[in-house]
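Q: Provided below for reference: sequence and predicted model.
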Amino acid sequence: MAQISSVDRHAIVIGGSIAGLLTARVLTDHFERVTILERDSLPMAAPAPRKGIPQCTQLHILLTRGRQIMEELFPGLEAELIDAGAAVLDMGTDVEWLNPFGWGVRFPSGFKALSFSRYILDWLIYRRLSQFDQIQVLESSYVTDLLTNAAQTAVTGVRMRQRDLDNPRQVQYKDLTAALVVDASGYSSQAPKWLQKIGYEPPEETVITTSMGYASRLYEIPAEFNENWRGVYIQAAPPERTSMGVIYPIENNRWIVGVCATAPQRPANNEADFLDALQNLPSPHIYDAVKAAKPATEIGIYHPPGNRLRHYERLSRQPQGFIAIGDSVCCFTPIYGQGMTVAALGAVLLQQCLSETALTELPSRFQSELAKVNAIPWIAATSQDAKYPSVKGLERPPTLMEKAIGWYMDRLIQLTTKEPQVTLLLFNVFHMVQSSDALFQPSMLLRVMQQLLMPSSAKTAPKTHSS
Ligand SMILES: Cc1cc2nc3c(=O)[nH]c(=O)nc-3n(C[C@H](O)[C@H](O)[C@H](O)COP(=O)(O)OP(=O)(O)OC[C@H]3O[C@@H](n4cnc5c(N)ncnc54)[C@H](O)[C@@H]3O)c2cc1C
């Protein structure tokens with residue numbers, strides 16, 4: 001077994017996707033050297049999908065809070081995304097939103113979202129990280145175990161299996177030591193097993209699934225396209241309607257078109273089923289737009305595993321020198337668009353913990369505070385998923401308070417069919433720019449009360465959009 005080095009101020013990040021990349025950036029402020037270990041080869045020359053992030057061909061919405069954090073970590077990233085062709089959308093004027101109560105009101109909101117393919121974001125971040133001398137990326141490096149000290153009180157590094165890039169059949173095992181190891185290896189992380197092998201309990205897990213399936217495809221936007229929208233979001237309305245559809249413009253004058261439904265209606269990867277799924281959505285917008293458009297890719301399907309929370313914060317014993325972040329700890333049903341932003345919030349938390357906490361105290365403090373960061377997005381995703389007939393894993397029926405909050409949220413969403421002010425507030429809360437407490441401010445409570453006192457015919461806007 002080759003011993004590479006043993007540098008005190010060295011940190012290792014397992015996984016080179018969003019959580020790992022943002023974590024590596026944060027670690028450069030606190031460690032002399034940072035090594036990212038990635039089982040794949042990273043496409044450095046140009047943006048491209050890669051095997052280790054199978055979801056990266058599917059539609060990815062970056063919430064505004066996530067974009068703000070990435071801009072703080074990499075100043076100028078937003079401008080680079082726009083230069084690379086990301087579409088800048090005003091969520092009020094450019095996007096048609098069909099929610100369970102009708103079409104969202106269209107208005108100049110000033111609330112901006114960028115739309116781009118997932119792999120262009122990763123690529124721009126690789127490029128930025130490659131400018132840091134402290135960071136080394138070891139590709140084709142698959143972590144297989146954690147290393148520990150003789151007393152098994154601390155993780156001291158990792159064991160990895162490396163493939164020779166010139167001769168992929170050639171494999172060797174190496175040990176790499178570090179003062180801190182961060183697991184950012186995503187949903188399929190083996191960290192609980194690695195911990196067990198060095199004498200620790202694995203974290204408890206909460207798993208809530210709905211058996212959703214995704215299908216996405218890129219299309220060239222036809223030159224003659226001339227609708228009054230640039231994107232359409234047809235939201236699911238469970239339990240009755242469990243399918244949703246999205247069309248958004250991205251770089252290179254393309255649309256990304258996605259459909260998502262729960263079993264047994266999960267979309268398949270053949271043309272007829274894909275178009276059928278689009279045609280069966282409750283509005284013809286997306287189907288009409290793409291039926292004559294030229295596909296730019298094959299149909300990619302993905303069956304995401306669902307919501308899973310690993311409770312590292314509940315471990316009675318944690319080794320020093322090891323933490324976990326991103327999807328490895330908390331993974332969501334993707335339709336709520338939270339994963340990358342929650343990974344970014346974890347990176348910000350790590351920044352704060354490293355500034356305020358000794359390395360010996362880091363694991364317990366970081367994991368317990370990360371559990372608090374994850375709590376609200378977790379409730380947001382799982383309380384929506386609870387409405388799907390296919391949901392599995394709910395530990396208990398909703399409490400009266402949860403039902404009341406769900407009812408109140410529905411009233412606010414109903415108001416988005418006619419009230420710009422409510423819609424703008426919801427954009428801010430859904431994009432994690434404002435706390436959900438803002439939904440309960442007196443002016444919103446008043447609007448909900450006024451709505452209740454209205455005659456029922458005046459409560460919602462018409463179901464078909466005429467604007
Ligand atoms: C269909 C789908 C749609 C989604 N849509 C959105 C969206 O709209 N908005 C949003 O914010 N999020 C979305 N997400 C979630 C988002 O993709 C993830 O939250 C995001 O990629 C951050 O995950 P991560 O970095 O923690 O892990 P991952 O992205 O899973 O990356 C893990 C990395 O670790 C590497 N790795 C794994 N094991 C090892 C090992 N043993 N050794 C070395 N390397 C290893 C992998 O190759 C990979 O690079 C979606 C997810 C899915 C499945």
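A: Yes, it's here.
Q: So which residues of the stretch 51-200 of the chain form helices?
A: All helices of the stretch 51-200 of the chain, identified by DSSP state H, counting those that start in this stretch, fall at 64-73, 77-83, 118-129, 191-197.
Q: Return the set of buried residues in the second one.
A: What it means is helix 77-83. Within helix 77-83, the residues that count as buried by 16 or more other C-beta atoms under 10 Å are Leu77, Glu78, Glu80, Leu81. Placement of C-beta: from N, CA and C, glycine included.
Q: what are the phi and psi values for Asn307?
A: When read as degrees, to the nearest 10, the backbone of Asn307 gives phi -80, psi 130.
Q: which residues does it bridge with?
A: On the basis of DSSP bridges, Asn307 is bridged to Ile208.
Q: in terms of contact, does it touch Ala381 like I think?
A: Yes. Asn307 lies in contact with Ala381 (C-beta atoms under 8 Å); the separation is 5.6 Å.
Q: mind showing which ranges of the chain have poor pLDDT?
A: Counting by pLDDT under 70, the chain shows low-confidence ranges at 1-8, 457-467.
Q: Tell me the strands beside the helix or strand hosting Ile256, with direction?
A: Element membership for Ile256, per DSSP states H and E: strand 254-262. Here strand 254-262 is paired, per DSSP bridges, with strand 212-220 (antiparallel), strand 244-250 (antiparallel).
Q: Need the contact partners of it.
A: 58-59, 115, 117, 210-221, 236, 242-250, 267, 274, 277-278, 281, 286, 289-290, 293, 296, 335, 388-390 (C-beta atoms under 8 Å, 6 or more residues apart in numbering).
Q: okay, the angle between it and helix 118-129?
A: Orientation check (axes from the mean of the first three to the mean of the last three C-alpha atoms, to 10 degrees): strand 254-262 against helix 118-129 gives 120 degrees.
Q: which residues are there in the stretch 51-200 of the chain that come within reach of the ligand?
A: Within the stretch 51-200 of the chain, the positions adjacent to the ligand are 52-53, 55, 58-62, 142-143, 184-188 by C-beta under 6 Å from any ligand atom.
Q: so which of those comes closest to Gln367?
A: Of all those, Ala184 has the smallest distance to Gln367: 13.8 Å, by C-beta to C-beta.
Q: Wait, that closest one touches Ile325, no?
A: Yes. At 5.2 Å, Ala184 and Ile325 qualify as touching, with contact defined as C-beta under 8 Å.
Q: what's the spacing between the residue of the stretch 251-400 of the chain found nearest the ligand and Ile61?
A: Closest approach of the stretch 251-400 of the chain to the ligand (C-beta to the nearest ligand atom) occurs at Gly339, with a separation of 2.1 Å. In this view, Gly339 and Ile61 are 10 Å apart by C-beta to C-beta, to the nearest Å.
Q: if you count what's nearby, which of those two comes out ahead?
A: Per other C-beta atoms under 10 Å, whichever of Gly339 and Ile61 has more neighbours is Gly339, with 28 against 23.
Q: quick check: longest helix of this protein.
A: Ranked by residue count under DSSP state H, the longest helix found in the chain is helix 362-385.
Q: Now do that helix: which elements does it pack against?
A: Contact here means 3 or more C-beta pairs under 8 Å, 6 or more residues apart in numbering; DSSP states H and E; on that basis helix 362-385 packs against strand 307-311, strand 322-324, strand 330-331, helix 339-356, helix 400-415.
Q: partners of the third one in the sheet?
A: Read that as strand 330-331. With DSSP bridges as the test, strand 330-331 is paired with strand 307-311 (antiparallel).
Q: just the angle between the partner strand and helix 362-385, please?
A: If you take the same axes, to 10 degrees, strand 307-311 sits at 150 degrees to helix 362-385.
Q: just checking, Arg159 touches Asp145?
A: Yes. Contact between Arg159 and Asp145 holds when scored by C-beta under 8 Å: they sit 4.2 Å apart.
Q: before we move on, back to that, so what sits against both of Ala184 and Ile325?
A: Common contacts of Ala184 and Ile325 (C-beta under 8 Å, 6+ apart): Ala19, Thr23, Ala343.
Q: Let me know the closest of those to Leu176.
A: Of all the shared contacts of Ala184 and Ile325, Leu176 sits closest to Thr23, with 16.4 Å by C-beta to C-beta.
Q: ok, the closest one - contacts?
A: Contacts of Thr23 by C-beta under 8 Å, 6+ apart are Val13, Val182, Ala184, Ile325, Gly326, Gly346, Ala347, Leu350.
Q: Tyr302: how many residues sit nearby?
A: 19.
Q: what are the phi and psi angles of it?
A: The phi/psi pair for Tyr302 (degrees, to the nearest 10) reads phi -150, psi 140.
Q: now it, nearest residue through space, not along the chain?
A: In space, and not counting its chain neighbours, Tyr302 is closest to Tyr214: 4.7 Å by C-beta to C-beta, 6 or more residues apart in numbering.
Q: What residues are bridge-paired with that neighbour?
A: Counting by DSSP bridges, Tyr214 forms beta bridges with Cys260, Tyr302.
Q: Let me know how buried it is, in neighbour terms.
A: 22.
Q: List the contacts of it.
A: Gln55, Gln58, Leu59, Gly258, Val259, Cys260, Pro267, Ile301, Tyr302, His303, Pro304, Pro334.
Q: how about those in TSV, adding distance to Asn99?
A: Formatted as TSV, the contacts of Tyr214 follow (distance: C-beta to C-beta, whole Å):
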residue	distance to Asn99
Gln55	24
Gln58	21
Leu59	18
Gly258	17
Val259	17
Cys260	15
Pro267	21
Ile301	25
Tyr302	24
His303	25
Pro304	22
Pro334	18
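Q: What's the PyMOL line that selects buried ones from those residues?
A: Command for PyMOL, covering only those of those found buried under the criterion 16+ other C-beta under 10 Å:
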select buried, resi 55+58+59+258+259+260+267+301+302+304+334
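Q: which among the contacts of Tyr214 gets closest to Tyr200?
A: Pro304 (28.1 Å).
Q: ok so that closest one is a helix residue?
A: No. With DSSP: H, G, I helix; E, B strand; the rest coil as the criterion, Pro304 is coil rather than part of a helix.
Q: hang on, it packs against Met212?
A: Yes. Pro304 lies in contact with Met212 (C-beta under 8 Å); the separation is 6.4 Å.
Q: got any residues that touch both of those two?
A: Common contact partners of Pro304 and Met212 (C-beta under 8 Å, 6+ apart): Thr333, Pro334.
Q: which pair in the contacts of Thr23 spans the largest distance?
A: The two members of the contacts of Thr23 with the most space between them (C-beta to C-beta) are Val13 and Gly346, at 12.3 Å.
Q: Next, count neighbours for the residue nearest to Ser328 when sequence neighbours are not counted.
A: Residue nearest to Ser328 in three dimensions, not counting chain neighbours: Ser189, with 3.8 Å by C-beta to C-beta, 6+ apart. If you count neighbours by other C-beta under 10 Å, Ser189 ends up with 21.
Q: what do you get for the one 5 residues further on?
A: Counted with other C-beta under 10 Å, residues neighbouring Trp194 total 24.
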